[in-house]
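Chemist: make a model of this:
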Amino acid sequence: MRAGRVAALLAALLVQPAVARGQPALQAQAFVLMEARTGQVLAEHRGRLAWPPASTTKVLTALLVAESLDLDAVVTVSPRAAAQREGAAVGLRAGERRRVRDLFYAMLLASANDAAVALAEASAGSLETFVQRMNRRARQLGAHHSHFVNPHGLYHPQHRSTAYDLALLARAALRNPRVTEAVAAVEYDYPEDGGLRRITNRNRLLRTYPGANGVKTGWIAQSGPCLVASARRGDRTLIAVVLDSARVFEDAAALLDFGFSRYELRALARPGQAVAELPVPGGPTLRAGVRDELVWSVARGVPVELRPRWEGELRPPVPAGRDVGWVEVVVDGRVETRARLVALHGVEEKPAGSVFRWLWERLWGR
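Modeler: This next block holds a predicted model:
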């Protein structure tokens, strides 16, 4: 066993498992199940454990490439990219010109490391600059326990991520239609020597799990088998991350089954719908609602309470659209999230006493 994996295993022993009651008992070193729309963690075991992410690194690489390059553009393969033959590769040659799209699919389906280097260089001008962008974007997305050294995931002692961070990165990547289309592809015809080579996606769940639509496999000796998986059913997409499991596909399927069977995505409030009412001194009752649709994943059969929290003492005038407080989402007695409350209509001040007093207060204040 290599030194890097020994260190990771020792670190794992120091992290107490955070296994929620009733969630699947897997053999993985770490796992996370996330509701893609809300970012909620529905199941977790050592979700913040630092671990070599292997080729699941390419989820972030794909996002940055999709945001910066036209898939129909053509790039010239550098000697550095052509020399990247460790691990999976499609055998790029220095000086040859390749479509971004072909390299993109080779990277995501066949996990080609040489394609990842070529795309990183084309995207940022150099591998080093691209890696800087990876780490900057990871921090922006909340993946604060990740550090990337390369765009492909081959082992480096400082190249690490966590199950939770990888779920966050996958959540962001799945919002990009170019990434979404590629990671859901079962096969791709890769141009090679005047013909086409059929590349098959290494993510077995795309062929075996109902609704599976991504995302990326990974394996190096130091990481063990890893998988970032996703599946969509109805209006829900779940993301399952499994790190170091001999049954990585079965474990990911078990997590997805758990999320789809135990939880439901509820629309709790829509814009324009009154969520709370508050009598306003000197004015009519204030009706408040949410600015954006409020949805939350809740265990089936569990009641949800929407609890308003008003912003100080509200007095007229209150213009329509003004922030007036928060609404807390209380599930099984626990506050799980909150959203801003806004006034659905304007509240004007009522004249008090006489017309003269009302005019005086309007002109000079109280």
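
Chemist: all contacts plus neighbour counts: C-alpha atoms, from now on.
Modeler: OK.

Chemist: and this structure, what are its domain boundaries?
Modeler: Here the domain parsing of the chain from automatic domain parsing is 3-263, 270-343.

Chemist: which parts of the helix or strand harbouring Ile199 are buried?
Modeler: Element membership for Ile199 (DSSP states H and E) is strand 195-200. By 16 or more other C-alpha atoms under 10 Å, the buried positions in strand 195-200 come out as 199-200.

Chemist: got it, and stretch 90-103?
Modeler: 90-93, 98-103.

Chemist: now swap in stretch 75-93 and tell me
Modeler: 75-78, 81-82, 84, 88-93.

Chemist: which one is Ser55 nearest to, not counting chain neighbours?
Modeler: Excluding the flanking residues, the one nearest Ser55 by C-alpha to C-alpha, 6 or more residues apart in numbering is Gly218, at 4.2 Å.

Chemist: please disregard the earlier target; I meant Arg197.
Modeler: Arg197 sits nearest to Tyr190 (C-alpha to C-alpha, 6+ apart), 5.0 Å away.

Chemist: same thing with Leu154?
Modeler: Ala54 (5.8 Å).

Chemist: check the spacing between the one you found and Trp296 real quick.
Modeler: Using C-alpha to C-alpha, to the nearest Å, one obtains 32 Å as the distance from Ala54 to Trp296.

Chemist: so for those two, which residue has more residues nearby?
Modeler: Set Ala54 next to Trp296 and count neighbours by other C-alpha atoms under 10 Å: Ala54 wins out with 27 against 23.

Chemist: I figured the more buried one hits Gly218, correct?
Modeler: Yes: between Ala54 and Gly218 there is a contact under C-alpha atoms under 8 Å: 5.1 Å.

Chemist: returning to what we had before: return the alpha-carbon coordinates of the strand holding Ile199 using CSV.
Modeler: Extracted as CSV, the C-alpha positions of strand 195-200 are listed here (Å, rounded to 0.1, in the frame of the first residue of the first chain):
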residue,chain,number,x,y,z
GLY,A,195,-12.0,6.8,-38.7
LEU,A,196,-14.0,6.8,-35.5
ARG,A,197,-13.3,5.0,-32.3
ARG,A,198,-16.3,4.3,-30.1
ILE,A,199,-15.7,5.5,-26.5
THR,A,200,-17.9,4.0,-23.8
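
Chemist: good, wrapping up.
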